[in-house]
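> Next comes the sequence, and after it the predicted model I'd like to discuss.
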Amino acid sequence: MDTTEVEKPSMEKKLQDSFKYEPNQSPKAKPASKPPSKSTSSIKSSASPPKPPEDKPVVADDFNWIHCKLEWLKPEKIRDAQKRRPDHPDYDPSTLFVPPEFYKNQTPAHRQWWEMKSSHFDCVLFFKVGKFYELYHMDAAVGVNELGFSYMKGDFAHSGFPESAYGRMASTLVSKGYKVARVEQTETPDMMQERCRKSDALGLTPAVNCYLAIKALGGVVSCLTDCLLDIQVLGMNQFTSYAPPDVLNKTLPPEVKIENRWEGGSTMVLDAITLRNLRIVQDEGLIKERQEAVKALFENQELCQDAKSILTTLPDLERLLAKVHALGNLKRSKQHPDSRAIFYEEKSYSKRKVLDFISVLNGFTAALKLVDLFSDTESKLLKRIMQFHPDGKYPDYRETLKFFKEAFNQEQAEKEGRILPGEGVDQEYDNTLQLIQEIEGELKEYLNKKRYQIEVPQNAAAKAGPDYNLEGARKGFKRFSTSETKDFLARMIAAEEQKTNVLKDLSRRIFEKFSSHYNQWETAVQCLSTLDILLAFTEFARQQSGDACMVETDESAPDSEDNIPEETITFLYKLSPGACPKSYGFNAARLAGIPKEITLKAHQISKNLEKEATCVRAFRDILKMEDNPKDVRAMLAALSI
């Protein structure tokens, strides 16, 4: 299949281009170079990158940057991690060999950057330092050239952007054919001693009858794991079995032919490219159901307009469902690097997550109007996708949706960017509030207090016994504490800390509870998607006078590539030595005036003879095979006898 892809520049090409960049040049390559702005030059990395001398000017030549002077990084000497040159057949362009002695002269942050770069050499690294993503060396050159950044002062190429601009910068580079890898800062210096990394291997053995499935699934899992997307994607449990129609063709002998059940008639050629990009519907009953649904919608324009007006208000529920599911994943919240990353815009991110969740709730609420709208439809397909059980399969999630809509105050959540659940929604949160109320109830026995201290007039302070400790004073008053008030204070601080910890994980638990009904929400999304497609067909049919989507099958037409209208028959045949690769006798017979019924009958007999001959050859080949019996049974199942 021919595909058009964005050509990704090779790393050697990027290196060569980076040699040509001049320090501090603007993206438009103006003659006069701009000095670094104050906002960028004042950025200080917590990882302490090497400081350039303040009085040393930046020299504008082609080999000014450090990475341009490294001999082992130049195109004529570059090697992959296994020390293979680009002309080696096993050369891996995604890795880079960095001499061990080079690391000794690097700061800890730059040593970590080079370690990352050596294993992801084909990626542009967005390296997190504080509130900014930094680009170093050849990546900085890409940032200047493709994103319009300016170089910062120093001997090494260096550019960057704030954390909030990550999405825009990453999507821009990806659209231009680059790979982007995000390196997050997962700890502050104070947290370094508490860091602990763990890894494990599943060590599962696949069943011998699923080699192909394991091979394909293993490749997908490997890619997802490398991109740190395996937890949220595989955690959705959306797996389906796929049987490629051309798998056996790759393993059988060339003389054994399998009937191609996907081959079309004279109006369309279902070749490999078509089958790979289309989901061909072969069930005639299903096709007629869709046509009846389009006809019902076509005849009721007011119904179509009302349905489209509701669908227009819905968000991208399929995308948001996957997002909510990933955010509610307990394993991801503990093991994914994002759970350890230090985000300085965490409040805005949390608010965005809450707004997305509220958007999902409002979207499914609006979708219920469509069920009422199609309550009187007679179309079987519309009934199935837009009515509750038993007439349809649209899930009745009204009670579930009501629970989540009443679980928290949406206006407060939108304003504060966090979810504060009502009573009975989260047991752990309810227990924490109950503990705080019990402590506050005990404190009511202590009157005239201020935050667990007893305040008395100064003239009565002399009556305080040895059990009262002086904590402070103000004009005319003194404040005392006792062992009881200190105990209350310690218990209250612990309870409030517990409440804070519960609130940190509360949104995730709400998302997890919502995602526990994932199959229900996914079924609803599929029904809405089908309705949206039917409405699109209806609109197309209305523009084409109504008959465009009402195609009927001509049972009399033979299913053959030789069924070509007489007026289009053209002989283009190249003479070559050897047996004739294909017979055009039926076309010649039609041009000679032979009645159509006779040619069709002859063509059918010819196909039957060819099938019998193919089966005989296949049977002989099977008798000669000494492979696994399961392979033989699979071959027999694929043959059409």
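That came through, no problem.
> For residue 358, which non-adjacent residue is closest in space?
Residue nearest to residue 358 in three dimensions, not counting chain neighbours: residue 410, with 5.5 Å by C-beta to C-beta, 6 or more residues apart in numbering. Bear in mind the C-beta positions are built from the backbone N, C-alpha and C, glycine included.
> in stretch 523-534, what's buried?
524, 525, 527, 528, 530, 531, 534 (16 or more other C-beta atoms under 10 Å).
> quick one: which of those is nearest residue 79?
The closest of those to residue 79 turns out to be residue 525 (C-beta to C-beta; 49.2 Å).
> right, and the closest one touches residue 319 too?
No - look at residue 525 against residue 319 with C-beta atoms under 8 Å: they stay out of range, at 9.9 Å.
> quick one on the thing from earlier: of the buried residues of stretch 523-534, which belong to helices?
Those of these mapping onto helices are 524, 525, 527, 528, 530, 531, 534, per DSSP state H.
> Let me see the contact set for the fourth one.
If you count contacts by C-beta atoms under 8 Å, 6 or more residues apart in numbering, residue 528 has them with 311, 314, 317, 367, 370.
> pLDDT below threshold where in the stretch 51-200 of the chain?
Scanning the stretch 51-200 of the chain for pLDDT under 70 picks out the ranges 51-63, 187-200.
> Strands along that one, start to end?
123-129, 132-136, 158-162, 179-183 (DSSP state E, counting those that start in this stretch).
> Given the third one, what are its sheet partners and their directions?
Strands adjacent to strand 158-162 in the sheet, as given by DSSP bridges, are strand 132-136 (antiparallel).
> tell me the angle of the strand it pairs with relative to strand 123-129?
130 degrees (axes from the mean of the first three to the mean of the last three C-alpha atoms, to 10 degrees).
> Now tell me what touches strand 132-136 from outside.
Contacts of strand 132-136 (C-beta under 8 Å, 6+ apart): 43, 45, 110, 113, 124-128, 142-143, 149, 156-163, 166, 169, 182.
> so where's the stretch 351-500 of the chain shaky on pLDDT?
422, 425, 441-473, 476, 479-482, 499-500.
> switch the cut-off to 50
447-452 (pLDDT under 50).
> Please name the nearest non-neighbouring residue to residue 386.
Spatial nearest neighbour of residue 386, excluding adjacent residues (C-beta to C-beta, 6+ apart): residue 374 at 3.8 Å.
> Now do the end-to-end distance for stretch 415-433.
22 Å (C-alpha to C-alpha, to the nearest Å).
> What residues sit buried inside the helix or strand in which residue 434 is found?
If you go by DSSP states H and E, residue 434 is part of helix 427-443. Burial within helix 427-443, assessed by neighbour count using 16+ other C-beta under 10 Å, is assigned to 429, 432, 435, 436, 439, 443.
> Ok, stretch 222-231 next?
Counting neighbours by 16+ other C-beta under 10 Å, the buried set in stretch 222-231 is 230, 231.
> gap between the two ends of it?
Stretch 222-231: ends 12 Å apart by C-alpha to C-alpha.
> Kindly state the domain boundaries assigned to this structure.
The record's domain parsing of the chain by automatic domain parsing lists 11-185, 280-397+518-543, 427-515, 566-638.
> could you give me the average pLDDT of the last one?
Confidence for domain 566-638, expressed as mean pLDDT, is 70.
> Could you measure from the residue nearest to residue 159 when sequence neighbours are not counted over to residue 614?
Excluding the flanking residues, the one nearest residue 159 by C-beta to C-beta, 6+ apart is residue 149, at 3.9 Å. Per C-beta to C-beta, to the nearest Å, residue 149 is found 64 Å from residue 614.
> The two: who's more crowded?
Between residue 149 and residue 614, counted using other C-beta atoms under 10 Å, the more crowded position is residue 149 (21 against 18).
> what's the more buried one in contact with, if anything?
Going by C-beta under 8 Å, 6+ apart, the list of residues near residue 149 reads 27, 135, 140, 143, 159, 160, 161.
> With distance to residue 222 and neighbour count added, can I get those residues in CSV?
Converted to CSV, those look like this (distance: C-beta to C-beta, whole Å; neighbours: other C-beta atoms under 10 Å):
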residue, distance to residue 222, neighbour count
27, 37, 13
135, 27, 26
140, 30, 25
143, 29, 27
159, 32, 22
160, 31, 23
161, 31, 18
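> ok, so of those, who is nearest residue 220?
residue 135 (30.2 Å).
> How about the contacts made by residue 395?
Contacts of residue 395 by C-beta under 8 Å, 6+ apart are 388, 520, 521, 523, 524.
> which SS state does it fall under?
coil (DSSP: H, G, I helix; E, B strand; the rest coil).
> can you count the residues close to the nearest residue to it once chain neighbours are set aside?
Computed as C-beta to C-beta, 6+ apart, the closest residue to residue 395 that is not its neighbour in sequence is residue 520, at 4.5 Å. Residue 520 has 14 neighbours, counted by other C-beta under 10 Å.
> hmm, back to that, looking at the ones in helices among the buried residues of stretch 523-534, spot the one nearest residue 292.
The closest of those to residue 292 turns out to be residue 534 (C-beta to C-beta; 10.3 Å).
> where does residue 236 land in three-state SS?
Residue 236 ends up coil, using three-state DSSP.
> Return the mean pLDDT over stretch 516-525, rounded to an integer.
Here the average pLDDT along stretch 516-525 is 90.
> what about the helices in the stretch 301-450 of the chain?
301-313, 317-327, 330-335, 346-373, 380-386, 398-405, 410-416, 427-443 (DSSP state H, counting those that start in this stretch).
> same deal with the stretch 1-150 of the chain?
11-20, 38-41, 66-69, 100-103, 108-119, 137-147.
> thinking again about what came up before, from the contacts of strand 132-136, which would you call buried?
43, 45, 110, 113, 124-128, 142-143, 149, 156-161, 163, 166, 169, 182.
> Now do the buried residues in stretch 67-80.
Neighbour count says stretch 67-80 has 67, 68, 73, 78, 79, 80 buried, by 16+ other C-beta under 10 Å.
> tell me which of those is nearest to residue 486?
residue 67 (60.2 Å).
> OK, contacts around the closest residue to the closest one other than its chain neighbours?
Spatial nearest neighbour of residue 67, chain neighbours left out: residue 137 (4.0 Å); criterion: C-beta to C-beta, 6+ apart. Applying C-beta under 8 Å, 6+ apart to residue 137 gives the contacts 18, 65, 66, 67, 117, 156, 157.
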